[in-house]
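Participant: What follows is a protein structure lacking sequence information:
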């Protein structure tokens, strides 16, 4: 994992975009390490926020698309998404729909939330808006907090 993180850091903003996409999808990856390494290297935090947010939202929308397919057996067999994770996301969302996409930034549960949004055919425009809001705020807080480190 350290090798992959270093490789993504070497690609700068595009590495951030790719790591954020992977982290936003169902794949277990942390884009925060790449972001912090790039911040420590002195890259522009605003561009980092933009590339990271776009990649992370697109990763979440990839999950939405998988959920929209509605093939639960595919999700479990090919993508290793557990039914228990989806059940937890359903309970967490409590029927509130697309606005719960805001919480897609949460570790582990976030991917399940975006898949459940697709499964329930939540309004796509509201889903994109709520997912984007949560993910941009998370990266903004990370960048703000990193300013105290570097």
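Facilitator: Ah, there it is. Keep in mind that this is a model prediction, so the values were computed, not measured.
Participant: show me the contacts for the one residue sitting closest to the centre of the chain.
Facilitator: Among the residues of the chain, the one closest to the centroid is residue 24, at 2.2 Å (Cα atoms, centre = their mean). Contacts here follow Cβ atoms under 8 Å, 6 or more residues apart in numbering; on that basis residue 24 touches 31, 55-60, 62-63, 104, 111, 114, 135. For the C-beta atoms, the positions are set from N, CA and C on the backbone; glycine is no exception.
Participant: Excluding covalently adjacent residues, which one is nearest to it?
Facilitator: Nearest non-adjacent residue to residue 24, counting by Cβ to Cβ, 6 or more residues apart in numbering: residue 59, 2.4 Å away.
Participant: what's the helix or strand of the chain with the lowest mean pLDDT packed up against?
Facilitator: Lowest on mean pLDDT, DSSP states H and E among the helices and strands of the chain sits helix 2-10, with a mean of 74. The helices and strands touching helix 2-10, judged by 3 or more Cβ pairs under 8 Å, 6 or more residues apart in numbering; DSSP states H and E, are helix 12-24, helix 31-40.
Participant: Can you tell me which of those is nearest to residue 82?
Facilitator: Ranking the helices and strands packed on helix 2-10 by proximity to residue 82 (Cβ to Cβ) places helix 12-24 first, at 18.2 Å.
Participant: Quick check: buried residues in the closest one?
Facilitator: Residues of helix 12-24 classed as buried under the neighbour-count rule (16 or more other Cβ atoms under 10 Å) are 12, 13, 15, 16, 17, 18, 19, 20, 21, 22, 23, 24.
Participant: Check stretch 107-126 too.
Facilitator: Residues of stretch 107-126 classed as buried under the neighbour-count rule (16+ other Cβ under 10 Å) are 109-120, 122.
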